[in-house]
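K.L.:
got a predicted structure plus its sequence, pasted below:
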Amino acid sequence: MSSTQEPLSLKRAYLLFYNAVSTILWLRILLCVLVLQDPASIYSTLEPWTRGITRSPVFTTFTQVFGRSVQVWAINYAFPAVTAPSPAYGAMLLAWSAADTVRYLYFTVLLSGMTVPAALKWFRYSLFFVLYPIGITSECWLMYHAAVDTTSLIVKGIFWFFLVLYLPGTPMMYKYMVKQRRKTLARGVVNSSS
């Protein structure tokens, strides 16, 4: 632990606990996705968990949390006949759980006052290049099939509205992460040379 580390405040203790628990929960989901092969098994085992666990700018965080909430409740939970047999559900959970396991582990290490290992920092700010396309494609696939499956014109319209939102939302999230990656990894190079 760094000698300049500030005392553990109530806020930091809460964030440390929250991020450590989130790391463990998302790691469990990631391991289950890797072990379970059958899409229906992935769905029946993990769908209740994903409804239970869902430090960035407010708008970016809101966008991600809102998008995931819609996906988890309005698509995955409400349309199990579409979601359960689809390999897209496992692919989506693989992307979500890998990204969130690394993200929450990164914040746990950071909040604990330890030095974040370079590999962990690199994964935190690089995995999105691969995981975002997997997650976004899977989300869109499941939402599209739910939109086709529903008989409600209102629900169908809402799903199509959200599918259209992916068009500006995807580049926005990518640009944000590229900017964060450039800033954070460049800082690491500067720090290692001093």
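P.N.:
All right, it came through fine.
K.L.:
what is the least confident helix or strand in the protein?
P.N.:
Scoring the helices and strands of the chain by mean pLDDT, DSSP states H and E places helix 58-69 at the bottom, with a mean of 80.
K.L.:
contacts for the helix or strand following that helix?
P.N.:
Reading on from helix 58-69 to the C-terminus, the next helix or strand found by DSSP states H and E is helix 80-83. Helix 80-83 has contacts (CB atoms under 8 Å, 6 or more residues apart in numbering) with Tyr43, Glu47, Ile75, Asn76, Tyr89, Leu142, His145, Ala146, Asp149. All C-beta atoms are positioned from the backbone trio N, CA, C, and that covers glycine.
K.L.:
just the helices in this structure please.
P.N.:
Applying DSSP state H to the chain gives helices spanning 10-35, 39-52, 58-69, 80-83, 87-112, 118-124, 128-149, 153-193.
K.L.:
and those as TSV, adding mean neighbour count?
P.N.:
Below are the helices of the chain laid out as TSV (neighbours: other CB atoms under 10 Å):
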stretch	mean neighbour count
helix 10-35	16
helix 39-52	16
helix 58-69	13
helix 80-83	18
helix 87-112	21
helix 118-124	16
helix 128-149	18
helix 153-193	13
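K.L.:
lowest-confidence stretch among those?
P.N.:
Looking at those, the lowest mean pLDDT belongs to helix 58-69 (a mean of 80).
K.L.:
and Thr54, what pLDDT?
P.N.:
48.
K.L.:
that older thread, greatest separation within the contacts of helix 80-83: which pair is it?
P.N.:
Farthest-apart pair in the contacts of helix 80-83 is Glu47 and Asp149; separation 16.6 Å (CB to CB).
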